[in-house]
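K.L.:
My questions are about this predicted structure, shown below with the sequence.
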Amino acid sequence: MGVEVRTEGVTKSFGSQRIWQDVSITLPSGEVSALLGPSGTGKSVFLKSLIGLLRPERGSIFIDGTDIMTCSNKELYEIRKLFGVLFQDGALFGSMNLYDNIAFPLREHTKKTESEIRRVVMEKLELTGLLGAENKLPGEISGGMRKRAGLARALVLDPQIILVDEPDSGLDPVRTSYLAQLLLNINAQIDATILIVTHNINLARTVPDNIGMLFRRQLVMFGPREVLLTSEEPVVKQFLNGRMIGPIGMSEEKDEAQMAREQALVDAGHHHGGAEEIEGIIAQMKAEPGMPARQAVFRRQARVREIIHTLPHAAQVAIQESLSESDDTLVMRLAATRVSSGME
Ligand SMILES: Nc1ncnc2c1ncn2[C@@H]1O[C@H](COP(=O)(O)OP(=O)(O)OP(=O)(O)O)[C@@H](O)[C@H]1O
């Protein structure tokens, strides 16, 4: 199972520019979480901080219980091996073909023989639908293929934590859904803790078990998906519906006068930019049939049953509905198993 990632009161600035402050978040082991936020709110900076590529000036970052803010370089080196990271552009070496790109971490960090390396690389190429493309250079393939190659490379060291930076950037909506499906399948297969950083609304609504949002240098909220998806917070509603009306502006900050001017325009019939208002919750994508059951689903159910009384009412109702649906599914599955095994 993947390991827990927990930050406590982390604060990051570049010079006098504060990016975010006092961010405390727990990514439950083996579950898929997403961190949303408008452009420039520091989502990528957060992701890089988790792996120790950037160093916040305050706070703690516990990876499987070890604080990477205070641990030795040797410990940090070992901890980094737990991670697989898919950067926005795949971060492939342009002069190496896909095979060598994907083999790179194995050659750098393990003593595997070339034939063992070949077995792992071919397995990951197959998993990401890239068999046959191994001799191509990154510049010769589409953006979607580069993403999948980046994912294949992120998987070769059997990571327990997978960080994914904007999986949809440069991809059309269909390819984004395929990549989302691939991430859920991988979660079902290896039970890794996954954090997706994104501003893609569809991904946010359909993929993660847990969702958080960064805005105005704060973590606005983080919790089971039902909490954010039923939230009445203006910033969350605006973001999830992609409209101009609300606290998020072109350069993030928007003052009261600007908000009033925009509201007046919309009241007068001007389009707010959002394509549709979605109320409530869209069903979560599942791992494909034939995959192992996602263990995260069962763990999350047990977890939310424990904390449900602490959540807002709308989230409680949505969680109750999803729990009773999954209880019904379980009863049906058990009944089907009994019938097929001749127990009834
Ligand atoms: N190494 C760096 N040095 C100085 N400033 C940086 C550095 N990295 C990021 N920043 C700044 O931190 C802020 C947050 O950047 P970041 O890329 O994390 O935002 P983001 O939320 O991921 O945005 P997007 O969704 O557009 O990718 C930006 O203002 C950026 O200029």
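P.N.:
The structure has been received and is ready for your questions.

K.L.:
All the helices of the protein, in order from the start?
P.N.:
Here the chain has its helices, by DSSP state H, at 43-50, 73-80, 98-109, 114-127, 143-155, 173-190, 201-206, 225-229, 234-241, 256-267, 295-307, 313-340.

K.L.:
and those helices as CSV, adding mean neighbour count and mean pLDDT?
P.N.:
For glycine as for every other residue, the C-beta is placed from the backbone atoms N, C-alpha and C. Shown next, in CSV, are the helices of the chain (neighbours: other C-beta atoms under 10 Å; pLDDT from 0 to 100):
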stretch, mean neighbour count, mean pLDDT
helix 43-50, 22, 95
helix 73-80, 13, 91
helix 98-109, 19, 93
helix 114-127, 16, 93
helix 143-155, 24, 90
helix 173-190, 19, 90
helix 201-206, 19, 90
helix 225-229, 25, 91
helix 234-241, 19, 82
helix 256-267, 12, 78
helix 295-307, 16, 91
helix 313-340, 13, 68
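
K.L.:
and the closest residue to P167 other than its chain neighbours, what does it touch?
P.N.:
Of all residues not flanking P167 in the chain, L179 sits nearest, at 5.1 Å (C-beta to C-beta, 6 or more residues apart in numbering). Listed by C-beta atoms under 8 Å, 6 or more residues apart in numbering, the contact set of L179 reads G144, K147, R148, L151, P167, D168, L171.

K.L.:
Surely the first one and L171 touch.
P.N.:
Yes: taking C-beta atoms under 8 Å as the contact criterion, G144 and L171 are neighbours in contact, 5.4 Å apart.

K.L.:
that older thread, ok, the contacts of L179 vs the ligand, which is closest?
P.N.:
Each of these was scored against the ligand by C-beta to the nearest ligand atom, and D168 proved nearest at 10.8 Å.

K.L.:
how does the protein divide into domains?
P.N.:
Per the record, the chain has its domains at 5-223, 295-340, by the TED database.

K.L.:
give the contact list for the residue nearest the centre of the chain.
P.N.:
The centre of the chain sits closest to I196, judged by C-alpha atoms, centre = their mean, with a distance of 1.8 Å. Residues in contact with I196 (C-beta under 8 Å, 6+ apart) are V32, S33, A34, L35, V164, P167, L183, L203, V207, P208.

K.L.:
if you set the cut-off to 7 Å instead, what comes out?
P.N.:
A34, V164, P167, L203, V207, P208 (C-beta atoms under 7 Å, 6 or more residues apart in numbering).

K.L.:
Measure how buried P289 is and give me the count.
P.N.:
Burial of P289 is recorded as 5 neighbouring residues (other C-beta atoms under 10 Å).

K.L.:
about what we covered before: for the helices of the chain, give me TSV that also has distance to the ligand.
P.N.:
Shown next, in TSV, are the helices of the chain (distance: least, C-beta to the nearest ligand atom, whole Å):
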stretch	distance to the ligand
helix 43-50	3
helix 73-80	18
helix 98-109	23
helix 114-127	26
helix 143-155	15
helix 173-190	15
helix 201-206	13
helix 225-229	17
helix 234-241	12
helix 256-267	21
helix 295-307	25
helix 313-340	25
